[in-house]
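>>> return a 3D structure for these sequence lines:
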Amino acid sequence: MLDIKFLRENPDIVKENIKKKFQDAKLPLVDEVIDLDAKNRAAISEASTIRAARNSLSKQIGVLMGQAKKDPSKLEEAEKIKEEVKRNAERLEELEKLEAEYADKIHDIMMKIPNIIDSSVPIGPDDSCNVEVQRFGEAKIPEFDIPYHTEIMESLNGVDMDAAGRVSGNGFYYLLGDVARLHSGVLAYARDFMIDKGFTYCIPPFMIHGNVVEGVMSQTDMDAMMYKIEGEDLYLIGTSEHSMIGRYIDTILDETALPQTLTSYSPCFRKEKGAHGIEERGVYRIHQFEKQEMIVICKPEESMDWYEKMWRYSVELFRSLEIPVRQLECCSGDLADLKVKSCDIEAWSPRQQKYFEVCSCSNLGDAQARRLKMRVKGADGKMYLPHTLNNTVVAPPRMLIAFLENHLQADGSVTIPEVLRPYLGGKEILIPNKK
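Coordinates of the predicted model:
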């Protein structure tokens with residue numbers, strides 16, 4: 001969410017930014033909110049004038065009532081002033097209602113106007129315009145055919161999609177045996193990887209209040225993603241970023257406490273509305289999964305440095321697991337409204353002979369801090385808004401696809417990289433036991 005003062009003083013910049021995000025339908029919102037803001041400030045000013053006059057008039061009434069004992073004509077004068085006070089009180093009540101009405105309308109509109117994107121963001125209407133920046137590791141194509149990922153899992157007795165469908169419906173799965181252990185091992189390795197980078201490990205609440213949801217994401221994203229608990233002001237989180245950033249709602253951090261660097265584990269729940277292609281079935285796009293996340297809250301001038309560090313952590317982790325990846329810069333039309341800048345880390349799929357998304361790193365500027373009323377007290381005693389960033393460390397369902405495809409051997413076995421072996425009881429290879 002933008003600062004209303006910035007919008008008021010820079011309407012053309014805000015409108016140009018909306019155009020860059022290909023959201024022209026939102027252009028009228030800028031003039032609408034400027035008009036409402038002017039009316040609101042006028043109402044506040046008039047109300048302040050009335051309150052000041054009320055104090056003065058009350059004093060006059062007191063003086064006149066005292067003088068009325070000697071001069072009865074003063075009583076009539078006092079009654080006239082009382083009538084004025086009454087009229088002012090009625091007008092003040094009207095103005096206070098108007099202020100609340102204007103403030104609500106302004107808030108609603110400001111929540112819809114997208115954040116100002118960084119000047120380095122490529123311009124384009126959708127993800128087809130995202131730009132490849134760099135590749136890491138050699139993307140190999142084996143000489144043997146690679147089965148679909150669920151077939152690899154089934155060969156290891158590692159997945160049961162049919163039973164999950166009967167129990168929970170589409171978009172769920174049972175992981176079993178070595179595949180389940182691999183899933184947990186990857187999460188544990190990712191946790192320790194981030195702890196070694198100096199991040200504090202955290203397990204957050206898996207449900208959050210509606211005002212936190214509103215603080216961390218746009219209404220459009222919320223409707224597309226979140227599951228609401230019926231009859232309660234609680235939502236299941238779609239990523240631990242939601243509750244991790246929400247932890248700081250209505251708080252004041254001392255500048256000496258920055259940066260806050262946290263890595264969090266959680267299950268994640270998503271509606272995943274719409275139809276998806278064959279390659280997004282299996283365990284690729286599901287309603288429930290687990291994830292290790294990284295969160296940073298920092299000074300504004302440090303956020304781009306942290307953005308660079310965070311996506312590189314993802315690359316380092318995937319390369320340590322011997323999985324080729326690339327960095328893809330997200331274009332303007334592919335950025336969620338709160339994001340200033342974002343990139344995806346994509347893993348190589350030997351089966352599809354292309355890359356697919358496994359991590360998403362985002363700098364949200366001060367948008368979440370402003371929505372959540374999160375502030376920092378500087379060394380000079382002044383308050384300012386911090387910047388917030390998030391990035392996927394690893395989400396095992398997609399990681400498992402990349403891992404199994406890149407480590408599959410011609411005989412159906414799956415090799416285990418050295419860094420992961422301690423988390424799988426020292427195993428160096430997974431042997432298929434189901435043909």
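
>>> just the buried residues of the worst-scoring helix or strand of the chain on mean pLDDT, please?
Across the helices and strands of the chain, mean confidence by mean pLDDT, DSSP states H and E is lowest for helix 219-225: a mean of 76. Burial within helix 219-225, assessed by neighbour count using 16 or more other C-beta atoms under 10 Å, is assigned to 222, 225. For the C-beta atoms, the positions are set from N, CA and C on the backbone; glycine is no exception.

>>> how about residues contacting the next helix or strand after that helix?
Heading C-terminal from helix 219-225, the first helix or strand you meet, by DSSP states H and E, is strand 227-228. With C-beta atoms under 8 Å, 6 or more residues apart in numbering as the contact definition, strand 227-228 has outside contacts at 234-236, 269-271.

>>> and with 7 Å instead?
Outside strand 227-228, the residues within contact range by C-beta atoms under 7 Å, 6 or more residues apart in numbering are 235-236, 269, 271.

>>> okay, now the sheet partners of that strand, with direction.
Strands flanking strand 227-228 in the sheet, each with its direction: strand 235-236 (antiparallel) (DSSP bridges).

>>> out of the contacts of strand 227-228, which is most surrounded?
For these, counting by other C-beta atoms under 10 Å, the largest number of neighbours falls to Y235: 22 neighbours.

>>> I208 is in contact with that one, correct?
Yes: checked against C-beta atoms under 7 Å, the pair Y235 and I208 is within contact range at 5.8 Å.

>>> per-residue pLDDT, D126?
Per-residue confidence at D126 stands at 95 (pLDDT).

>>> no, scratch that, I was asking about G412
pLDDT, G412: 95.

>>> where does it land in three-state SS?
Three-state call for G412 (DSSP: H, G, I helix; E, B strand; the rest coil): coil.

>>> give me the number of residues near it?
A total of 18 residues lie near G412 under the criterion other C-beta under 10 Å.

>>> go on, A395?
The number of residues packed near A395 is 22, by other C-beta under 10 Å.

>>> find the nearest non-adjacent residue to it, please.
Beyond its immediate neighbours in the sequence, the residue positioned closest to A395 (C-beta to C-beta, 6 or more residues apart in numbering) is K291, lying 4.3 Å away.

>>> quick check: bridge partners of that neighbour?
Counting by DSSP bridges, K291 forms beta bridges with S266.

>>> which outside residues touch the helix or strand in which N17 is found?
Following DSSP H and E, the helix or strand that holds N17 is helix 11-20. In this structure, residues lying in contact with helix 11-20 by C-beta under 7 Å, 6+ apart are 2, 7, 24, 26-27, 30, 34, 113-114, 116-117, 123, 332.

>>> buried stuff in it?
Buried residues in helix 11-20, counting neighbours by 16+ other C-beta under 10 Å, are found at 14-15, 17-18, 20.

>>> chain center to that helix, what's the gap?
The gap between the average C-alpha position of helix 11-20 and the chain average comes to 22 Å, counting by C-alpha atoms, centre = their mean, to the nearest Å.

>>> any idea of the mean pLDDT in stretch 204-217?
For stretch 204-217, the mean confidence score works out to 94.
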